[in-house]
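Undergrad: Quick one: sequence and predicted model below, then my questions.
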Amino acid sequence: MAQNISKGSIFGRIGSALGKGLSEQIPKEVEQYRLSSGLKQFEQEASNLNPMQQLARLSSIPGITPQQIQSFSDLARQQASMRALERRGTSADQSVPMNRQEIPSTRDIQFSNLRQQRDAQAQQEERPQVVQMDETGVPRIVNRNPLDERSLTQDPWTPEQRDRSIYGYLRQGHTLPEATHLAADDEQRFLSTATARQKKDLELQAIRDKAYDELDRQLKLKLQKGVGKEDEEDMFKDLSGEEKVRLQRSMERELRLNQEANIDDVANDFSNRALAMAKAKDKLRTDGERLGWSTWFEGEEPLKKLKEFSDIFKKAGNSEEYVNILRNQYKMSQEGAASIAFPPSIRVNEFLRKFRSLRKEETLSARSLQKIPERSRRIAADIEDVITNDDSLLTIARNLSERDEFFDKNAFFDQLSEDKDRIGLNDRQKLELTERAGSFLPSWGDFVIFPLPVLRRK
């Protein structure tokens, strides 16, 4: 006879299931708790244990798996390598921080972010480079110092330097093999940088020499000179060594700034400028010999001619030589010659156009006359922001004097002298500060070339 067993109530069945679940879950929770407690204790004691002790302690932790022991062992070996590299680097040079390495005779290298620096440098090289200027403000083709340490052959890294690079990559989380490979790659790139710079400098020097040779060839052809030594010396009668250097510098500027230019066309352009200047010098020499009272009766024509010549000399980059010609052959003052050779720039002309003389600014009085030096200093401070490298301070002072009979040149130049470094005056302009004081009497050339003051007052 079959036995019929009751299923019992619903609450009884729920209780049975709950008890079975707890009986299975509680051992797992206990095991997880013991593993967690063991790992926390190991974390606190690990720094005081050697690798063998660490392995033994890990193996005795309840519930730990072989995979976890392997992971901890790999991590421990990497940390041990980092500590060893840190101790070696610190003992080698206590003066260098661990995240920085100073290579002898080179710039500092931040090993911990060396790859980021390389990427930034590559991006910088792709951008249009700011062309380095020489002392005259002209960009050069070869614009690096040959003694720049970065362009010289570099020494291989020392073991300490290599360890520091590896340590920097380990701190970023790389494994030891990865860090070693990255450090070796960085060293190779560092050593090859100087070679690349040397190669580039040689290429630029070859381009510069080619440009100079082509300019010489065209100059000799257009100035009708041969190729012998006597012919080359004879060329300096038309074109002095200093003038030739200025032409070369100006040609370099054109090649640097105009990416569409080529050597033949640029050499042709500047040799034409030199030819025009040579012809202008002959004409000036002839006219200067005829300078006399008759010139005064020609009105403004002589001044207009001289201003036309100024553009020829400016294009040849030789305006300073034009000043010397006007002083020596036309017997002009430094200020008068500068005002022709260096006409005001557009910015300065705009300033002069808006300038108001003291008579127009206020009613003349004893008080206003006492403030003339202070006012002239203020004028200097106002015009400092618009002066360009092509402007002449003597030209500006002359124009202001023509517009205002109460303008104080000495106070004006005193203010410019005090601010010369801040406003970035070039060497020629700084020299003009020392030439401010002219003769009380006008030079003969100024007298016959320029209109009388009463006629040019504006």
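TA: Looks like it arrived, so ask away. Numbering: from 1, shown residues only.
Undergrad: my guess is Ile387 meets Arg422, correct?
TA: No - applying CB atoms under 8 Å as the test, Ile387 and Arg422 come out as separate, 12.0 Å apart. (Glycine included, C-beta is placed from N, CA and C.)
Undergrad: of these two, who's got more company?
TA: Applying other CB atoms under 10 Å to Ile387 and Arg422 shows that Ile387 carries more neighbours, namely 22 against 8.
Undergrad: SS state for that one?
TA: When the structure is reduced to helix, strand and coil (DSSP: H, G, I helix; E, B strand; the rest coil), Ile387 reads as coil.
Undergrad: where does it fall, phi/psi-wise?
TA: Dihedral angles phi and psi of Ile387 (degrees, to the nearest 10) take the values phi -70, psi 130.
Undergrad: is it true that Asn143 lies in a helix?
TA: No - when the secondary structure is assigned by three-state DSSP, Asn143 falls in coil instead of a helix.
Undergrad: What separation is there between it and Lys210?
TA: Look at Asn143 and Lys210: by CB to CB, to the nearest Å, they are 17 Å apart.
Undergrad: What sits closest to Arg347 if chain neighbours are left out?
TA: The spatial neighbour of Arg347 that comes closest, neighbours along the chain excluded (CB to CB, 6 or more residues apart in numbering), is Val386 at 4.0 Å.
Undergrad: Could you give me the buried positions within stretch 178-186?
TA: Judged by neighbour count using 16 or more other CB atoms under 10 Å, the buried positions of stretch 178-186 are Ala179, Thr180, Leu182, Ala183, Asp186.
Undergrad: Show the average pLDDT along the helix or strand containing Asn324.
TA: Element membership of Asn324, judged by DSSP states H and E, is helix 319-329. Summarised as a single mean, pLDDT over helix 319-329 is 92.
Undergrad: Following the chain onward from that helix, which element is next?
TA: Next along the chain after helix 319-329, with elements defined by DSSP H and E, is helix 334-341.
Undergrad: tell me what that next one is packed against?
TA: With contacts defined as 3 or more CB pairs under 8 Å, 6 or more residues apart in numbering; DSSP states H and E, the packing partners of helix 334-341 are helix 301-315, helix 319-329, helix 393-403, helix 444-449.
Undergrad: so the residue nearest to Arg347 touches Asn349, yeah?
TA: No - contact between Val386 and Asn349 fails when scored by CB under 8 Å: they sit 9.4 Å apart.
Undergrad: Report the angle between the helix holding Asn324 and helix 301-315.
TA: Taking axes from the mean of the first three to the mean of the last three CA atoms, to 10 degrees, helix 319-329 and helix 301-315 form an angle of 140 degrees between their directions.
Undergrad: residues of helix 319-329 that come out buried?
TA: Judged by neighbour count using 16+ other CB under 10 Å, the buried positions of helix 319-329 are Ser319, Glu320, Glu321, Tyr322, Val323, Ile325, Leu326, Arg327, Gln329.
Undergrad: So the last one versus Leu306, what's the distance?
TA: What that stands for is Gln329. The separation that Gln329 has from Leu306, given CB to CB, amounts to 11 Å.
Undergrad: If we go by neighbour counts, what in stretch 247-260 is buried?
TA: Neighbour-count burial for stretch 247-260 flags Leu247, Gln248, Arg249, Ser250, Met251, Glu252, Arg253, Glu254, Leu255, Arg256 (criterion: 16+ other CB under 10 Å).
Undergrad: one step back: and the pLDDT for the residue nearest to Arg347?
TA: Per-residue pLDDT puts Val386 at 94.
Undergrad: again, but for Leu55
TA: Turning to Leu55, the model gives it a pLDDT of 62.
Undergrad: go on, Pro177?
TA: Looking at Pro177, its pLDDT is 83.
Undergrad: Equivalent analysis for Gln218, please.
TA: With respect to pLDDT, Gln218 scores 90.
Undergrad: Domain map for the protein?
TA: Described in terms of automatic domain parsing, the domain architecture of the chain consists of the residue ranges 28-92, 220-456.
Undergrad: Show me the shaky parts of the protein.
TA: 1-39, 42-60, 63-64, 68-139, 173, 225-236, 360-368, 437-441, 452-458 (pLDDT under 70).
Undergrad: if you set the cut-off to 80 instead, what comes out?
TA: Across the chain, the stretches falling below the confidence threshold (pLDDT under 80) are 1-152, 170-175, 224-238, 292-299, 357-370, 436-442, 451-458.
Undergrad: related to what we said a few turns ago, Val386 and Asn349: which has the busier surroundings?
TA: Between Val386 and Asn349, counted using other CB under 10 Å, the more crowded position is Val386 (17 against 12).
Undergrad: need the contact list for the more buried one.
TA: When the contact criterion is CB atoms under 8 Å, 6 or more residues apart in numbering, the partners of Val386 are Ser345, Arg347, Val348, Glu350, Phe351.
Undergrad: What does it show for phi and psi?
TA: The main-chain torsion angles of Val386 are listed as degrees, to the nearest 10 and equal phi -110, psi 0.
Undergrad: Then Ala411?
TA: Reported as degrees, to the nearest 10, the phi and psi values for Ala411 are phi -60, psi -40.
Undergrad: All further residue positions should be reported with the first residue as 396.
TA: Right, with 396 as the first residue, what we last looked at is Ala806.
Undergrad: burial measure for it, as a count.
TA: A count of neighbours around Ala806, defined by other CB under 10 Å, yields 18.
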